[in-house]
Structure formats: structure tokens, C-alpha cells
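> need a 3D model of the following:
(chains A and B)
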Amino acid sequence: MIYLADVATLQFDSDRCTGCGMCAEVCPHGVFIMANGKASVTDKDMCMECGACENNCAFGAITVTSGVGCASAIINGMITGGEPSCGCGSDSGACC
Amino acid sequence: MRAIHFPLADRLILTPMEIIPMLRWYPVYAAIVLIFFGAHSTAIVFRDAFYGGAPFLLLGLVGVLAGAFITPVFLPVIPFRAFSLKGWIAGLLAMFLAMKLISAMPVSLMVFTWLFFPAVSSFAALQFTGSTTFTGMSGVKKELRYAVFAYVIAGMASLVSLILYKSGVL
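Now for the predicted structure:
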């Protein structure tokens, strides 16, 4: 299943890529593949913005705006004016 | 690479994550419904509260379950990628089926039913974005931009239809 098209904030700079393959290793949706000694993006729409690729790229070739991706958290953030927060750990009963 | 999938069993297990928080509001909703139908200018009539409110107690439950249970279970086969649209479609279908069990109602309440409950389903389905393995923050933000606007419009129109019903206009 793929979510909305053309919304993922994933950016890949192939000039900085050294071909270590970490992004392809950690991406849970196979957004990256290795070809000709470098990574490349297969389908950006498959990106769930978890941030694993950016966190594991030691060369700064990947940027993505990761964060809590549930509606409750984002609505909470809109109401409070802060970052999206789902209240995990509280008694709300819901968590994302 | 360890690829993540989101099979039916996983979706089914996660449905209580949205059903339970939403059903916590159900007693409040039920009280409002019963008071709305039972309250008259001179007294509260319990018979009217029950007979008038019962269909809407059912529809409220159906609306929540359409969005928080049916939509996640049938997620891959419901059209569109946006969860709010998936939930809205599930809500419309659920209302269509539920209305077969309910006797005829005034136009104002019919308008309320077709506006309000699919919107509830849509909202409940949108909450499920927090349980999936493939939705991202940017997409949910994009959905919320139009969904919140649609919910406000549906809510206001629903309120107007209830006022028209109570005032005896429609």
C-alpha cells in the first residue's frame, strides 16, 4: 500500500552518496536500491518519512522531515501550536 | 533489508487503538441524542427520547465502526489513497445499509444523517494513519488541510439541519 503521491519530503543527493548501502539496508519500504555503486530512489511515494535513512547516512546525502504521522498528533500540534504529539505515555489510551 | 508489510491480521489487531478512544465519547453522544429528542418546551418526554433517539444511537455506533473498523480491515480495496476519503466512502456505504433498518425520517434528519455520520467515519479512519506502517507526517498534514475544512462545513450544516428539525421547519 502506498500513501498520498508527491508529498514525501525525502531528498537524495547522489553527489554525496558513497555507495555504502546503509539507506537500502535500513529502509523498511525499499525506497532505495543500490545500482552502479551508488544508491538511488525507486519510488519516493513509498517513503513513510521514518527518518531511518537520514539517521544512518553518515555522508549527509539524505534529508527527510520525519515525525509523528498520525492525525491526532498533528491536530494536537495545531491546537497547542507546538510539535505534533500523540500523548504517548499518558492516559489518553491512543498512541501512534 | 527487512521489508515491512501491513497484512489484514496486523490491521485487525490495531483497530481497537482507534475504536476504544472514540467509543469513550459514546456515552456523551448518547446523552446528547436522548436529551435532544426528549426535550420539549414544557418537559422531557422519555418516550420521545427513546423512540426518536434510538436510530441515532445505532447510526453513531455504525459511523464509528465504519471508520475505525471497516476502513482498516478493507483498507487496500477501498478506493483512493487518502484515509479521510476511504473513511467517508465506508461511512456512506455503512449509512446506506444501516438506513435499511430504520424507518422513514424527516428530511432534516435525513440530511443530518448523510452529512454527519460519514464525516465521523472519515475522521475515525483518518485517526488510523497513526497505526499504519506506510503513512507519513507530510501526507497526514496534507489530508488534514482539506479534511478539517470539510468536517467543519459538515458539522455546521448538520447543526443547521437539527435546528430546522427542532423548530419544525423541515
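> now stretch A:10-26 - C-alpha only, CSV.
Output of stretch A:10-26 as CSV, limited to C-alpha atoms (Å, rounded to 0.1, in the frame of the first residue of the first chain):
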residue,chain,number,x,y,z
LEU,A,10,12.7,12.8,1.1
GLN,A,11,15.6,14.4,-0.7
PHE,A,12,18.6,12.4,-2.0
ASP,A,13,21.9,14.0,-3.1
SER,A,14,23.7,11.4,-5.2
ASP,A,15,26.9,13.5,-5.4
ARG,A,16,27.3,12.9,-1.6
CYS,A,17,26.5,9.2,-1.8
THR,A,18,29.5,6.9,-1.3
GLY,A,19,27.6,3.8,-2.0
CYS,A,20,27.8,2.4,1.5
GLY,A,21,24.3,0.9,1.1
MET,A,22,23.1,1.7,4.6
CYS,A,23,20.0,3.5,3.3
ALA,A,24,18.9,0.5,1.3
GLU,A,25,19.6,-1.7,4.3
VAL,A,26,17.5,0.3,6.8
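> quick one: average pLDDT of that stretch?
Averaging pLDDT along stretch A:10-26 yields 96.
> what does stretch A:39-57 give?
Here the average pLDDT along stretch A:39-57 is 95.
> close to chain A, is the host helix or strand of residue B:35?
Using DSSP states H and E, residue B:35 sits within helix B:26-38. No. Helix B:26-38 lies out of reach of chain A by Cβ under 8 Å from any Cβ of the partner chain, never closer than 13.6 Å. (C-beta placed from N, C-alpha, C; glycine too.)
> tell me which helix or strand comes right after that helix.
As assigned by DSSP H and E, the chain's next helix or strand after helix B:26-38 is helix B:46-65.
> from the contact counts, what lies against that following helix?
For helix B:46-65, the elements it packs on are helix B:16-23, helix B:26-38, helix B:83-98, helix B:107-127, judged by 3 or more Cβ pairs under 8 Å, 6 or more residues apart in numbering or on different chains; DSSP states H and E.
> look up how far residue B:93 lies from residue B:99.
Separation of residue B:99 from residue B:93 (Cβ to Cβ, to the nearest Å): 11 Å.
> that should have said residue B:133, apologies.
For residue B:133, the distance to residue B:93 - Cβ to Cβ - is 25 Å.
> and the helix or strand where residue B:143 lies, which residues are buried?
Assigned by DSSP H and E, residue B:143 belongs to helix B:137-167. Residues of helix B:137-167 classed as buried: B:137-144, B:147-148, B:151, B:154, B:158, B:161-162, B:164-165 (neighbour count, 16 or more other Cβ atoms under 10 Å in any protein chain shown).
> average pLDDT across that helix?
The average pLDDT for helix B:137-167 rounds to 95.
> cool, stretch B:32-43 as well?
Mean predicted confidence for stretch B:32-43 is 91.
> contacts for that stretch?
B:44-46, B:48-53, B:56-57, B:60, B:162, B:166 (Cβ atoms under 8 Å, 6 or more residues apart in numbering or on different chains).
> can you give me the end-to-end distance of that stretch?
16 Å (Cα to Cα, to the nearest Å).
> now do it: distance to the chain's middle.
The chain centroid and the centroid of stretch B:32-43 are separated by 22 Å, computed with Cα atoms, centre = their mean, to the nearest Å.
> now stretch A:61-76
Chain-centre distance of stretch A:61-76: 8 Å, with Cα atoms, centre = their mean.
> that one near chain B at all?
Yes. For stretch A:61-76, a contact with chain B is found by Cβ under 8 Å from any Cβ, at A:65, A:66, A:67, A:68, A:69, A:70, A:71, A:72, A:73, A:74, A:75.
> buried residues in that stretch, which are they?
A:61-62, A:64, A:66-76.
> which of those residues fall in helices?
Counting by DSSP state H, these place A:71, A:72, A:73, A:74, A:75, A:76 in helices.
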